[in-house]
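In: After the sequence you'll find the predicted model.
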Amino acid sequence: EADIYQTPRYLVIGTGKKITLECSQTMGHDKMYWYQQDPGMELHLIHYSYGVNSTEKGDLSSESTVSRIRTEHFPLTLESARPSHTSQYLCASSAFDRGRTGELFFGEGSRLTVL
Amino acid sequence: GEDVEQSLFLSVREGDSSVINCTYTDSSSTYLYWYKQEPGAGLQLLTYIFSNMDMKQDQRLTVLLNKKDKHLSLRIADTQTGDSAIYFCAEREGGGSYIPTFGRGTSLIVHP
């Protein structure tokens, strides 16, 4: 049973606001990821982390930032939201211990609309 | 770099079989996955197959892997309206690679 949670599920805000999308997992996974999903369904990796104090940018350039101070928590922040940031954001985690296949466990997503 | 291709749409009648196809380019792919995304939700792993396998069956799901042609397929028998969703194919190298490559997703529509 996957235990990864994202809040808020839905957010509508005005341009220029600072927002933080929260992601927490209770599975003790060391790898965590943020994906942006466009209306055409495609997933774009924007950030990932291999563990505490490790963060890397993904394939898609993003103006967002992330932090990984605790294993279970991987928040994503936009300092000044713009309409182009309107999208679905999916958080995921995985583990690569012996016997695991490294599949990703996804949260339910945060749908952000910037007016 | 790695690339994973899928057709974007598939429409089937309820009770028929659905076959979703996927091709990949990375010959080092060790793990191949199928994920399902229902409306308004995140992705959920449906099944996976290792590159040293040709076939895997799990209830109504059958995964076929043709490693020579780098072709993966997911067959859903007796497709139901609840199977309507987006299906993502993904591949990952073994060893120290922790980032899977996803296809663009196939939207399966099941009609009565």
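Out: Great, that's in hand. Numbers count the residues shown, from 1 in each chain, chains lettered A, B, ... in the order given.

In: Grab the nearest non-local neighbour of the closest residue to chain B within chain A.
Out: Using C-beta to the nearest C-beta, the point where chain A gets nearest to chain B is residue A:106, with a distance of 3.3 Å. (C-beta placed from N, C-alpha, C; glycine too.) Sequence neighbours aside, residue B:42 is the residue nearest to residue A:106 in space, at 3.3 Å (criterion: C-beta to C-beta, 6 or more residues apart in numbering or on different chains).

In: Tell me how far residue A:80 lies from residue B:86.
Out: The gap separating residue A:80 from residue B:86 is 31 Å, by C-beta to C-beta, to the nearest Å.

In: of the two, who's got more company?
Out: When residue A:80 and residue B:86 are compared for neighbours, residue B:86 comes out ahead with 20 against 12, by other C-beta atoms under 10 Å in any protein chain shown.

In: Report the beta-bridge partners for the more buried one.
Out: residue B:37, residue B:107 (DSSP bridges).

In: For it, give me its contacts.
Out: Taking C-beta atoms under 8 Å, 6 or more residues apart in numbering or on different chains as the criterion, residue B:86 is in contact with A:41, B:36, B:37, B:105, B:106, B:107, B:108.

In: Take those residues and lay them out in CSV including distance to residue A:113, pLDDT and neighbour count.
Out: Conversion of the contacts of residue B:86 to CSV gives the following (distance: C-beta to C-beta, whole Å; pLDDT from 0 to 100; neighbours: other C-beta atoms under 10 Å in any protein chain shown):
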residue, distance to residue A:113, pLDDT, neighbour count
A:41, 18, 87, 18
B:36, 25, 97, 19
B:37, 20, 96, 21
B:105, 22, 96, 25
B:106, 26, 97, 21
B:107, 22, 96, 18
B:108, 27, 97, 20
